[in-house]
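Enquirer: Sequence and predicted model, in that order:
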Amino acid sequence: MKFFKLTALSLGLLSISFGCSDKEFLEVDPKGTLTDDQLNTPTNIDKQVIAAYSQLGNDVYYCPYSSMWPYGNIRSGDAYKGGGGTADVDGFHFYETFSFNRVDINTTNDLWTLLFIGVSRANDALRRLNAVDATAMPTKAIRQGEARFLRGHFYFQLKSVFKNVPYIDETVPVDQYSTVGNTALTSDQQWSKIADDFRFGVANLPASQSEIGRATKGAAQAYLAKTLLYQAYVQGTNNAVTSIDASKLTEVNSLCDAIIASGKYALNADFATNFQSTGDNGPESVFQIQFSRNDGTAKGRTQRGNELNYPMNPDYGCCSFHQPSQNLINAFKTDATTGLPRFTDYNTSGDLTTAADFLANPVDPRLDHTVAIVGHPFKYDPNFVFQQSWVRVPQVYGYNLSMKESVLPTDPSFQKNPPFMSSSKNWNVIRYADVLLWKAEALIELGRPADALPLINQIRTRALNSTSLLKQANGSATSNYKIGLYPATGFTQSYAREALRYERRMEFAMEGFRFFDLTRWGIAATTLNTYFAKEKNLRQYLTTAAFTAGRDEYLPIPLTQINLSRGLYKQNNGW
Amino acid sequence: MNLPYLAVVGEGGDKYVNGASLQNKGWEFLLSYQNQLKNGLGFNITANVSTFRNKVTYLPDEVINAYGGNGQDVTRLGHSINAVYGYVADGLFQNAAEVAGAPTQVGAGPGRIRYKDLNGDGKIDNFDQNWITEAIPNYSYGLNLGANYKGFDVQVFFQGVQGLYAYNNIKFRTDFAGLAAGENWGQRLLDAWSPTNTGSSIPALSLINNNAENRSSTYFIENASYMKLRNLQIGYSLPTELVGKIKLQGVRVYVQGQNLFTVKSKQYTAPDPEVTNYQYPIPRIFTAGLNVTF
C-alpha cells in the first residue's frame, strides 16, 4: 500500500511537471494596461490623436513650452524673468543673461523631453492611423492630417530652440530611436520635414472641424507659411543669416493669400479680445490650444505654463514672473505728430515709468493691453488698479507685469492652483494678425514694400480702434494714445523692413515670439548686446549679461541627452 | 532599478528591471571576556571590529552611464554603491589675476570655488570629474563594558566608524546663500570669503549661483568618522531578602542614557556625522525604569 501511494504520488508530480513545460503557461498579460492591439480600433486611435492634442497643453511652470515665455520673451530684451530674485527658477535667469548658461541646466533638458513626448504621441497615433483601413475609419486621412499637424508643431518648437534635433517619424521603430542623430539631416532639411507635415495637413484637413480645437486646413496653411518664412532666412553654421530664399517667400505670400481669401478669419475689432476668455476661438484665432474648467476634473485643465506670472496682491498672491522691461515699455512711445514709432530714439529719450509719464508722452494703445503699469487698471478693470505692492522684488525687476496671459479674479476662467494662479483661457498658437504680418514680411524681403504697406497699416488701424476698454474710473483715457498709419512716401525696402520688425514687437509683445523673430532675422546678437548696455543701468543683475554671437541664438543640446545617446548627438555651435 | 532613457522615446520608456550585481567582502572580529573577583565585583568586556568593501560588478548596458560616471566611458563598475562622482574643488579664487590664469570655468570669479582641470584640456567641464569617495568606512567597531557589585550594575556601549568620507548635504544650506532661494541661511555664512576675509574656505556670498557650486564636488566631502557613547545604563537591584518579604522575586531600578556624546572629526561641519542627508536627527534619550519580577 505504501509503495502504491508513493508511486502514485511520484507519477502525479512527474506528470504535473511535464504538463507545465508549455512556456505559454508562464506568460501572463500584465493587468491594468492596454495591449497594443486594443489601441488599434478606430475609437481608440481617435483617442490616441486626442492624447497628442492634450500634450499641447501639458505645460508646467518650469517648462512652459506652449507660451514659450522664458525662451521667447525674457531672452529678447522684452522682459525680465521676475519672481523672488535672480535665483528663483535660476535656469531661466541663465537664459536671460546668456553668459552663465550651461549645457547641463535641468530646465533645458525638461524642454527637450516634454516636446519630444508630444512628437512621440503624434508618431504613435500616426503609426496606428497608417495601419487602419479607411473603410473601417472614414476619418483616417483627416486624423492623419491632424497628427502630422501636431508633430509639425512640436518639431517647430524644438527646432526654433535647439536648431538641430533628431528627426524621427512614425516609420522608425522605437528600438531604433537611439540610432537617429540630431545632425543626420541638415538644418534646412529639418525645416523641409516640418513643412512636409503641414503640406499633408493642407491637402487633407477640412476647412472647418465640428469639434473646435482640431487642426483645420487654414491652420495648416498658416503653420506652413510660418515654417517656410523661417526656412527662407538661410543660416550658416555660426547662425548668421547668409541668404534669403525668394522661392520660399513667394510660397509664403500665396499661402497667406489663400488664408485671407478663405474669408474664415478676421482681426478682432478690439485688440483686447485676443487676451480675454470671451475671445476664445473667435474670428482672429487660427489655431488655439484649448483649456477648460468645470469639466469634471478637480481643478480643470488650465494653462499651467503661465501660472507663475500673476501679481502678488491678495486677490492673486504669486509669483510675479515675466516682468516687461523698461526697453519694451519705452518702445511703445510714438511721435506726437505722426503717431509713428520712434525707431532711433525710443530708448534714449527718457524712461516712461509713472502714470503721469504715460499721460504726458504719446504711446501706442497696445501698451495698456500688454503691460501692467502702476496706477493703471489691471486687465481693463478701472476699479482694480495696479499698485507697487503687486510686484515682488521691484529693486531687482522693476514695477511692471505682463497682462496678456492673465485674467481678472472674477473672470469665469480664473482658477487657483495653490500657490499659483491659472486660467482656462485658450492660448493662441497662431492668430490672424500673424498671418498678415508674415505676408508683409515676405513681400518686403521680395522687394515689394508698397504691397506690404496696407497690411501693416491694417494692424495699426485695429490698434488705433482699441482704446475703448483703456479707461480709468473717471472715464478718461488711461494714457495719451496716439498711433498713426505709415505713409506711402518714403516706404522703401529698408524702411519697411524696420517698420515691419517694429510692428511685430508692438503687436506680439510677451506672446513668446520675439527672440525667435530676432534669430530668424539674424539680429539677435546686436539687439541683445545693445539692450544690455543700457538696461544694466536700471537692472544691476544684467551687468554680467552678454550675448555670444554664433552660440546663444540656440540653447545647447542637453548634456543628459548627449550622454544617453552615447555621444551620437552633436552639440550646437559654440557650446 | 528604473532605467533612465533617451527623451526621444517619449513616454513609457521607463521600466523596472533586475539590474545591478554587487559584491561585498569583509571580515568581523569579536572578543569577549567576563569574570567575577573574589570580592564580588563582576565585569565583562566585549569588543568587536569589522570591515567590508562593496563593489558594483555589473550594470545592464542601457543604464551603465546613468549611475555616476561621465556619461560616456567612466562608470560605477568597480566602485561602491555609495560612491560619489564629482568635481575636485581646489580652494577659492583670491583675485581676478588667478581667475584669468586658470582654466576656463564658467562663473569663476574672486571668492568662487575653483575646480581642478583633471584632464588638462584647459577648461572645466563634464570630463573633469572623478570618483571622489567610496563612502564606505575603513572599519567600524564597538566596545561593551559592564560591571556589577553589591546590587549595583553598570553597562556602557561605545560604537564608532572610522575612515568614512561622506557627502555632507547640509553644507548646501550652511555655506551658500544662492542655492536654496528663499530659505534661511546658516551661521557659517557670516565667515564667508570677502576681500577683507581672504582666509575663509567658504565661498563669497552670492544670491545667484553662476558658478554652479551646487555641483557634486569634494567641497561637500567631509570626514564623517565618529565614536558615540550609545548606551549607558546604571541600575540597582534591591536585596533579595528584602523583596522576598513582599513576595516578589526581584526589584531593580535603573537609569539609562542613549547617544550621550559624540566624538567627531574637526573637519565635519554639521552637528551629527550620522545625519548627512536630511535623515531625522538622532536625539539624546534619557530613561528611568523599574523592573519587578514575580
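Expert: Perfect, thanks for sending it.
Enquirer: quick one: the helices in chain B?
Expert: Along chain B, counting by DSSP state H, helices occupy B:96-101, B:171-174, B:240-244.
Enquirer: which of those is buried the deepest?
Expert: Of all the helices of chain B, helix B:171-174 has the most neighbours on average by mean count of other CB atoms under 10 Å in any protein chain shown, namely a mean of 17. (Glycine included, C-beta is placed from N, CA and C.)
Enquirer: Let me know how buried the nearest residue to A:Val393 once chain neighbours are set aside is, in neighbour terms.
Expert: Using CB to CB, 6 or more residues apart in numbering or on different chains and skipping residues adjacent in sequence, the residue nearest A:Val393 is A:Gly85, 5.7 Å away. A:Gly85: 20 surrounding residues under other CB atoms under 10 Å in any protein chain shown.
Enquirer: quick one: A:Gly85 and A:Val396 touch, right?
Expert: Yes: in this structure, A:Gly85 is within contact of A:Val396 by CB atoms under 8 Å, at 6.1 Å.
Enquirer: correct me, but B:Met235 touches B:Tyr149?
Expert: Careful, residue B:235 is Gly; it's not Met. No: with contact defined as CB under 8 Å, B:Gly235 does not count as touching B:Tyr149 (11.8 Å).
Enquirer: if you count what's nearby, which of these two comes out ahead?
Expert: Here B:Gly235 and B:Tyr149 are compared on neighbour count by other CB under 10 Å; more neighbours surround B:Gly235, at 18 against 14.
Enquirer: what's near enough to touch that one?
Expert: B:152-154, B:252-255 (CB atoms under 8 Å, 6 or more residues apart in numbering or on different chains).
Enquirer: can you rerun that using 6 Å?
Expert: B:153, B:252, B:254 (CB atoms under 6 Å, 6 or more residues apart in numbering or on different chains).
Enquirer: returning to that earlier point: could you dump the helices of chain B into JSON lines and include distance to A:Asn572?
Expert: Output for these, formatted as JSON lines (distance: least, CB to CB, whole Å):
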{"stretch": "helix B:96-101", "distance to A:Asn572": "26"}
{"stretch": "helix B:171-174", "distance to A:Asn572": "31"}
{"stretch": "helix B:240-244", "distance to A:Asn572": "85"}
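Enquirer: Would you mind telling me which of these is nearest A:Gln561?
Expert: Across the helices of chain B, the minimum distance to A:Gln561, taken as CB to CB, is reached by helix B:171-174, at 26.3 Å.
Enquirer: Quick check, the residue in the stretch 251-400 of chain A closest to chain B?
Expert: A:Val396 (9.0 Å; CB to the nearest CB).
Enquirer: And what about that residue, helix, strand or coil?
Expert: Following DSSP: H, G, I helix; E, B strand; the rest coil, the label given to A:Val396 is helix.
Enquirer: Give me the neighbour count for it.
Expert: Residues near A:Val396, counting by other CB under 10 Å: 20.
Enquirer: do B:Gln162 as well
Expert: 16.
Enquirer: now A:Ser325
Expert: Neighbours around A:Ser325, by other CB under 10 Å: 24.
Enquirer: residue contacts, it?
Expert: A:79-80.
Enquirer: ok, the closest residue to B:Thr133 other than its chain neighbours to B:Trp27 distance?
Expert: Take B:Thr133 and drop its neighbours on the chain: the residue closest to it by CB to CB, 6+ apart is B:Tyr165, 4.3 Å away. Distance, B:Tyr165 to B:Trp27, using CB to CB, to the nearest Å: 21 Å.
Enquirer: Show me which of the two is the more surrounded one.
Expert: Neighbours were counted for B:Tyr165 and for B:Trp27 using other CB under 10 Å; B:Tyr165 has more, 21 against 9.
Enquirer: ok so, going back, with neighbour count, pLDDT and distance to chain A added, can I get the contacts of B:Gly235 in TSV?
Expert: Compiled in TSV, these are given as follows (neighbours: other CB atoms under 10 Å in any protein chain shown; pLDDT from 0 to 100; distance: CB to the nearest CB, whole Å):
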residue	neighbour count	pLDDT	distance to chain A
B:Asp153	17	95	57
B:Arg252	16	94	56
B:Tyr254	17	97	51
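Enquirer: Pick out the residue of chain A closest to chain B.
Expert: A:Ser120 (2.3 Å).
Enquirer: Could you name the helices and strands sitting against the one helix or strand that residue maps to?
Expert: If you go by DSSP states H and E, A:Ser120 is part of helix A:106-131. Packing partners of helix A:106-131 (3 or more CB pairs under 6 Å, 6 or more residues apart in numbering or on different chains; DSSP states H and E): helix A:42-54, helix A:140-162.
Enquirer: Buried deepest among the ones you listed, which one?
Expert: Scoring the helices and strands packed on helix A:106-131 by mean count of other CB under 10 Å, the most buried comes out as helix A:140-162, with a mean of 24.
Enquirer: Any part of that helix near chain B?
Expert: No: on the criterion CB under 6 Å from any CB of the partner chain, helix A:140-162 is out of touch with chain B, staying 10.2 Å away.
Enquirer: which residues touch that helix?
Expert: A:49, A:52, A:71, A:115, A:118-119, A:122, A:125-126, A:129, A:134, A:165, A:190, A:194, A:197-198, A:200-201, A:204-205, A:214-215, A:220, A:516, A:554-555.
Enquirer: chain center to that helix: distance?
Expert: Its chain's C-alpha centre and that of helix A:140-162 lie 13 Å apart, by CA atoms, centre = their mean, to the nearest Å.
Enquirer: what about it, average pLDDT?
Expert: Averaging pLDDT along helix A:140-162 yields 97.
Enquirer: try stretch A:528-540
Expert: 95.
Enquirer: So that stretch, near chain B or not?
Expert: No: residues of stretch A:528-540 are not located near chain B by CB under 6 Å from any CB, the shortest gap being 11.0 Å.
Enquirer: Just the buried positions in that stretch, please.
Expert: A:528-529, A:531-532, A:534-535, A:539 (16 or more other CB atoms under 10 Å in any protein chain shown).
Enquirer: and what of stretch B:263-282?
Expert: B:264, B:268-270, B:272-276.
Enquirer: just stretch A:203-214 next, same as before
Expert: Neighbour-count burial for stretch A:203-214, counted by 16+ other CB under 10 Å, picks out A:204-205, A:213-214.
Enquirer: mind checking the end-to-end distance for that stretch?
Expert: Length of stretch A:203-214, first residue to last, CA to CA, to the nearest Å: 15 Å.
Enquirer: Then stretch A:355-365?
Expert: Using CA to CA, the two ends of stretch A:355-365 sit 14 Å apart.
Enquirer: Repeat that for stretch A:173-188.
Expert: Across stretch A:173-188, first to last residue, CA to CA, it's 24 Å.
Enquirer: cool, and stretch A:173-192?
Expert: OK, stretch A:173-192 end separation, CA to CA: 22 Å.
Enquirer: Report the distance from that stretch to the chain centre.
Expert: Using CA atoms, centre = their mean, the offset of stretch A:173-192 from its chain centre is 23 Å.
Enquirer: Would you mind listing the buried residues in that stretch?
Expert: For stretch A:173-192, using 16+ other CB under 10 Å, the buried residues are A:174, A:177-178, A:180-183, A:185, A:187, A:190-191.
Enquirer: Quick one: mean pLDDT over it.
Expert: Rounded mean pLDDT across stretch A:173-192 is 92.
Enquirer: how about it, does it reach chain B?
Expert: Yes: applying CB under 6 Å from any CB, one finds stretch A:173-192 touching chain B at A:177-178.
Enquirer: what's next to that stretch, contact-wise?
Expert: A:159, A:163-168, A:231, A:568-570, B:6, B:8-9.
Enquirer: burial measure for A:Ala122, as a count.
Expert: 30.
Enquirer: A:Ile430 is in what secondary structure piece?
Expert: Using DSSP H and E, the element containing A:Ile430 is strand A:427-431.
Enquirer: what helices or strands is that strand leaning on?
Expert: strand A:285-289.
Enquirer: Can I get the helix or strand that comes right after the strand it packs on in CSV, CA atoms only?
Expert: Note on strand A:285-289: by DSSP H and E, the next helix or strand toward the C-terminus is strand A:321-324. Extracted in CSV, the C-alpha atoms of strand A:321-324 (Å, rounded to 0.1, in the frame of the first residue of the first chain):
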residue,chain,number,x,y,z
PHE,A,321,7.4,86.4,-13.0
HIS,A,322,7.6,87.7,-16.6
GLN,A,323,8.1,91.4,-16.0
PRO,A,324,8.2,93.6,-19.1
